[in-house]
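K.L.:
Make a model of this:
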Amino acid sequence: MYMKRKDSKGGIKVDIKFNEMEIIKILEAIRSELIFSKRYYKENESEEDRIGVTSPEEWAEIYNNILKQSQEKGILTMLDLVQ
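P.N.:
From the prediction side, this is the model:
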């Protein structure tokens, strides 16, 4: 179940409820994509080659947002944000 609402920047915020194990699996998948994109961006410096590939910074932002929201609810407090 989820609820859409506008955030303070005018974007859409979606609240989705997951249990701790589901959050861990999601974060693992995002972390894998982050590692892949770091390697890809290092090997492909041309903007043309990067079209359609999510940047490491975007993956880190997604990971950190999910983790922060989880930690605000007392879940996964032992994990650190990615840089």
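K.L.:
and the residue sitting nearest the centre point of the chain, how far is that from residue 32?
P.N.:
Within the chain, one residue has its C-alpha closest to the average C-alpha position: by CA atoms, centre = their mean, that is residue 62, at 2.1 Å. As defined by CB to CB, to the nearest Å, residue 62 lies at a distance of 13 Å from residue 32. (Glycine included, C-beta is placed from N, CA and C.)
K.L.:
that older thread, ok, now which ones touch the residue nearest to the centre of the chain?
P.N.:
Counting by CB atoms under 8 Å, 6 or more residues apart in numbering, residue 62 makes contact with residue 30.
K.L.:
Would you mark the buried spots in whichever strand or helix holds it?
P.N.:
According to DSSP states H and E, residue 62 maps onto helix 56-72. Within helix 56-72, the residues that qualify as buried by neighbour count (16 or more other CB atoms under 10 Å) are 56, 59, 60, 62, 63, 64, 66, 67, 70.
K.L.:
and what of stretch 73-83?
P.N.:
Counting neighbours by 16+ other CB under 10 Å, one finds that the buried residues in stretch 73-83 are 75, 76, 82.
K.L.:
So for that stretch, first residue to last residue, what's the gap.
P.N.:
With CA to CA, to the nearest Å as the measure, the ends of stretch 73-83 fall 22 Å from one another.
K.L.:
now the helix or strand containing residue 34 and helix 56-72, what's the angle there?
P.N.:
With secondary structure defined by DSSP H and E, residue 34 is part of helix 20-43. Relative orientation of helix 20-43 versus helix 56-72 (axes from the mean of the first three to the mean of the last three CA atoms, to 10 degrees): 160 degrees.
K.L.:
ok, residue 81 - contacts?
P.N.:
Counting by CB under 8 Å, 6+ apart, residue 81 has contacts 63, 64, 67, 68.
K.L.:
Same list, those, but as TSV with pLDDT please.
P.N.:
Rendered in TSV, the data for the contacts of residue 81 read as follows (pLDDT from 0 to 100):
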residue	pLDDT
63	95
64	94
67	94
68	93
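K.L.:
Tell me the secondary structure at residue 15.
P.N.:
In three-state terms, and counting by DSSP: H, G, I helix; E, B strand; the rest coil, residue 15 is strand.
K.L.:
separation between residue 39 and residue 59?
P.N.:
From residue 39 across to residue 59, the span is 12 Å (CB to CB).
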